[in-house]
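> Could you look at this predicted model? Sequence included:
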Number of protein chains: 2
Amino acid sequence: VMGFVSKIGGFFQRAWRLGVNEPKKVIHCVKVGLALSLVSLFYYMRPLYEGVGGNAMWAVMTVVVVFEYTVGASLCKCVNRATGTFLAGALGVGVHWVASHSGERFEPIILQGSVFLLATAATFSRFIPSIKARFDYGAMIFILTFSLVSVSGYRVEKLFELAHHRLSTIAIGTSICLITTMLFCPVWAGTELHNLIKNNMEKLSDSLDGCVTDYFTTNKTETSDKRLQGYKCALNSKATEESLANFARWEPAHGGFNFGHPWKEYVKVGASLRSCAYCIEALNGSINSEAKAPDALKNHLSHFCMRLSSKSSAVMKELAAVIATMKKSTKIDFMVEEMRSAVQELEGALKSLSKQPIQAKIGEAAVTLQPIVVTLVEVVPLVTVSSLLIEIAARTEKLAGD
Amino acid sequence: VMGFVSKIGGFFQRAWRLGVNEPKKVIHCVKVGLALSLVSLFYYMRPLYEGVGGNAMWAVMTVVVVFEYTVGASLCKCVNRATGTFLAGALGVGVHWVASHSGERFEPIILQGSVFLLATAATFSRFIPSIKARFDYGAMIFILTFSLVSVSGYRVEKLFELAHHRLSTIAIGTSICLITTMLFCPVWAGTELHNLIKNNMEKLSDSLDGCVTDYFTTNKTETSDKRLQGYKCALNSKATEESLANFARWEPAHGGFNFGHPWKEYVKVGASLRSCAYCIEALNGSINSEAKAPDALKNHLSHFCMRLSSKSSAVMKELAAVIATMKKSTKIDFMVEEMRSAVQELEGALKSLSKQPIQAKIGEAAVTLQPIVVTLVEVVPLVTVSSLLIEIAARTEKLAGD
């Protein structure tokens, strides 16, 4: 029993920490509660037509289903819901009319057949990537509304009335939802994406610098592991970035972003960042491998390695600043030049190393020459990737318009 | 206009190709149509209580919302929907009873307050990772049902009747849904996960072998790019693997898998595969970099490199076969041993290289010694990772029970 109690206690402790760390999420929860209270108050004030079975429930349902964490996601769902309902309703009424005019024998066949065909087609459309990304929810609502209309045994006149009620309740639900989500501490998908990319870039820069420094300095300064592992959050952020970019397109102008901000460029920058992170992952792996390099070799190269890693992490930092301020940096070209010269110096150092005298001096070290070369040469593709990143980021900034 | 027509034509062509390539998805669509026809037929036969507003729509809605591609996902949603509705219904009736006994002045306050508080709490719970993974949908349904019950102005006796109707329609919906999904060509999340891991492993092995061979053989045999790029699908499969593993836990015994099959081990194997894929990505990057190694050096090392890569890709292939047949392989230990010896040979070759005579012979090649070493030494961490993978896979097979 005690184990169970402590488990529950631990659960609440974790939940509490989550709330304290991310107050935005708590605010979102309060907003959901608020929107629901508003919509239920709205219907509590006016007498309900037919109780739960009536139309009020569509408004409540809309709020519950449509309210998402970011404004973009909510907007996307609202538009999808409205369009899906409208299209399916119109089509359903049409099919109903045809069925009712084709005699009693054919009526059920037409109705059943149309439900089967349209449900199959709409479900298939949900597998097509371009539709899935934007209209997945709309297709589901389409199927739902169409089946409901077909199953109902109503006459066409009654259906029009019903459609009118249903559309107006959905309008009430969506507007309450959008007002709450946009007026009280809105969370914009665009801003989230912007910050995500910026933070990932900073974390990558930190962990690149941190892990190379850690390797070459003899007195470990207990650099927090968290900082070194920062690059890991860039490894698996693809899905998040893409969905945020997708939602951001629906959002109106906010903060420094106009409607039609080139969000797709952020996805590209994210992809380059990820390929950097893969390199850092490989670098980290070889640094932590068992084989250790002799100190003499290490000392010979440490200066160049650390110079290169600090230059490239500085470039990344600067790029993060460029993204943050959305202003072209004057320093960036100079810094890239510095980074390139650091690459050349390192290559020169490697050359001299393979030519002479160190190798002769530490004859037995030749065995362990290998692990240290790993760390060096793996930095090189990383640098090429990051210079690639610079180009892309520069293009982003051009596209961003300032 | 012509552009628009050709665009639409292209869209349908892509959709057609999708359907031809993945007949399973087409079957899924037909199944959805079938389930909907069944449920609407069911209600078409019996007179509807109150038309669309009545309870029939809950059955239709359940089918539309709950029907997912894999059996596990459908089951998970069914359980979530039933539990969420039941809990929220019970709680809602309780709050309603309390409210109706506390006087007219307090009734709306209690009702509104409870909606606000519970909606906030339930939304917050959806942010907690352990709940999000399993009960996200249940929490949403909880909020929905609770608000509906609270908003309704019904007396408690009427509510019981309503709850009974609603639960029975949901039961009808879920059972039609589950019967259709499990009887006609079921798609098991477990099998999907199993095949995903197996295929990824084979693709990794192929592209490791392919890209090293491609680099060292002078006459390019036009190895299909597709094969070389195979490792890329392992890079971003984390989310898919985790959700499949999550759904697979809900599934009953099927094929060679019992209920309680250690699906979590698949996620671990997937993670090791991903770290292998990161290494291959880095390897690929350095192979495709501009700096070229001189042929003399290349020839000296190509034998060892290709031997090592073919050994490690053979180990991966064998592991994929182990996973496919779920039988312990007798060859695997031997193959790992071979791979280790290949690593040592390569290390030896590197040693001799750094000691002498090749370096003296091709003095100017020292400059370009670096890129070739990259390819070699990056294979080494890859090998360590894949030997790690072997351990994990071996453990999986032990846990899998045969």
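Here it is on my side, so go on.

> would you list every one of the helices in the stretch 201-350 of chain A?
A:225-228, A:232-235, A:238-248, A:263-287, A:295-325, A:332-355 (DSSP state H, counting those that start in this stretch).

> now, of the ones you listed, which is deepest in the fold?
Of all those, helix A:263-287 has the most neighbours on average by mean count of other Cβ atoms under 10 Å in any protein chain shown, namely a mean of 22. From N, CA and C alone the C-beta is placed, and that goes for glycine too.

> the inter-axis angle of that helix versus helix B:263-287?
90 degrees (axes from the mean of the first three to the mean of the last three Cα atoms, to 10 degrees).

> so where's the stretch 201-350 of chain A shaky on pLDDT?
Where the stretch 201-350 of chain A drops to pLDDT under 70, the residues are A:218-227, A:282-283, A:285-301, A:328-329, A:346-347, A:349-350.

> Dump the helices of the stretch 201-350 of chain A to a markdown table, plus distance to chain B.
Output for those, formatted as a markdown table (distance: least, Cβ to the nearest Cβ, whole Å):
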| stretch | distance to chain B |
| --- | --- |
| helix A:225-228 | 16 |
| helix A:232-235 | 8 |
| helix A:238-248 | 5 |
| helix A:263-287 | 4 |
| helix A:295-325 | 11 |
| helix A:332-355 | 5 |
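
> out of these, which comes closest to residue A:152?
helix A:238-248 (33.8 Å; Cβ to Cβ).

> surely residue A:100 meets residue A:110?
No. Using Cβ atoms under 8 Å, residue A:100 is not in contact with residue A:110, being 9.3 Å away.

> Between the two, which is the more surrounded one?
For residue A:100 and residue A:110, the more surrounded residue by other Cβ atoms under 10 Å in any protein chain shown is residue A:110, and the numbers stand at 18 against 14.

> which residues touch the residue positioned nearest the centre of chain A?
Centroid-nearest residue in chain A: residue A:240, 2.2 Å away (criterion: Cα atoms, centre = their mean). By Cβ atoms under 8 Å, 6 or more residues apart in numbering or on different chains, residue A:240 lies in contact with residue A:196.

> what separates it from residue A:131, distance-wise?
21 Å (Cβ to Cβ, to the nearest Å).

> now swap in residue A:106 and tell me
Taking Cβ to Cβ, one finds residue A:106 at 32 Å from residue A:131.

> Likewise for residue A:92?
Distance from residue A:92 to residue A:131, by Cβ to Cβ: 21 Å.

> Compare these two (neighbour count), which wins?
In terms of neighbours (other Cβ under 10 Å), residue A:92 is the more surrounded of residue A:92 and residue A:131; the figures are 25 against 17.

> could you list every residue that touches that one?
Counted by Cβ under 8 Å, 6+ apart, residue A:92 has contacts A:145-146, A:148-150, A:159.

> Okay, and the closest residue to it other than its chain neighbours sits in which element?
The shortest distance from residue A:92 to any non-neighbouring residue, by Cβ to Cβ, 6 or more residues apart in numbering or on different chains, is to residue A:149 (3.1 Å). Using DSSP states H and E, the element containing residue A:149 is helix A:129-151.

> Give me the angle between the following helix or strand past that helix and helix A:129-151.
Following helix A:129-151 in sequence order, the next helix or strand is helix A:156-183 (DSSP H and E). Relative orientation of helix A:156-183 versus helix A:129-151 (the same axes, to 10 degrees): 140 degrees.

> Go through helix A:156-183 and flag the buried ones.
A:159, A:162-163, A:166, A:169-170, A:172-174, A:176-178, A:180-182 (16 or more other Cβ atoms under 10 Å in any protein chain shown).

> just to revisit the earlier point, just give me the neighbour total for the residue nearest to residue A:92.
Count around residue A:149 with other Cβ under 10 Å applied: 25.

> who's in contact with it?
A:88-89, A:92-93, A:96, A:159, B:52.

> 7 Å - rerun?
A:89, A:92-93, A:96, A:159 (Cβ atoms under 7 Å, 6 or more residues apart in numbering or on different chains).

> can you name the two of the residues you listed that are farthest apart?
The widest separation within these (Cβ to Cβ) is 10.3 Å, between A:89 and A:96.

> For chain B, tell me whether stretch A:197-216 is touching it.
No. Contact of stretch A:197-216 with chain B (Cβ under 7 Å from any Cβ of the partner chain) is absent, the minimum separation being 14.1 Å.

> Tell me which residues of that stretch come out buried.
Result for stretch A:197-216 [16+ other Cβ under 10 Å]: buried residues A:197-198, A:200-216.

> So the spatially closest residue to residue A:308 that is not a sequence neighbour versus residue A:304, what's the distance?
In this structure, residue A:308 finds its nearest non-sequential neighbour in residue A:342, 4.2 Å apart by Cβ to Cβ, 6+ apart. In this view, residue A:342 and residue A:304 are 7 Å apart by Cβ to Cβ.

> what do you get for residue A:184?
Taken as Cβ to Cβ, the span from residue A:184 to residue A:304 is 54 Å.

> where does the closest residue to residue A:22 other than its chain neighbours land in three-state SS?
Nearest residue to residue A:22 in three dimensions, chain neighbours excluded: residue B:127, at 7.8 Å (Cβ to Cβ, 6+ apart). Secondary structure assignment for residue B:127 (DSSP: H, G, I helix; E, B strand; the rest coil): coil.

> So what does residue B:127 look like in phi/psi?
Main-chain dihedrals, residue B:127, degrees, to the nearest 10: phi -90, psi -20.

> Burial check on residue A:65, number of neighbours?
Neighbour tally, residue A:65, other Cβ under 10 Å: 18.

> Thank you, goodbye.
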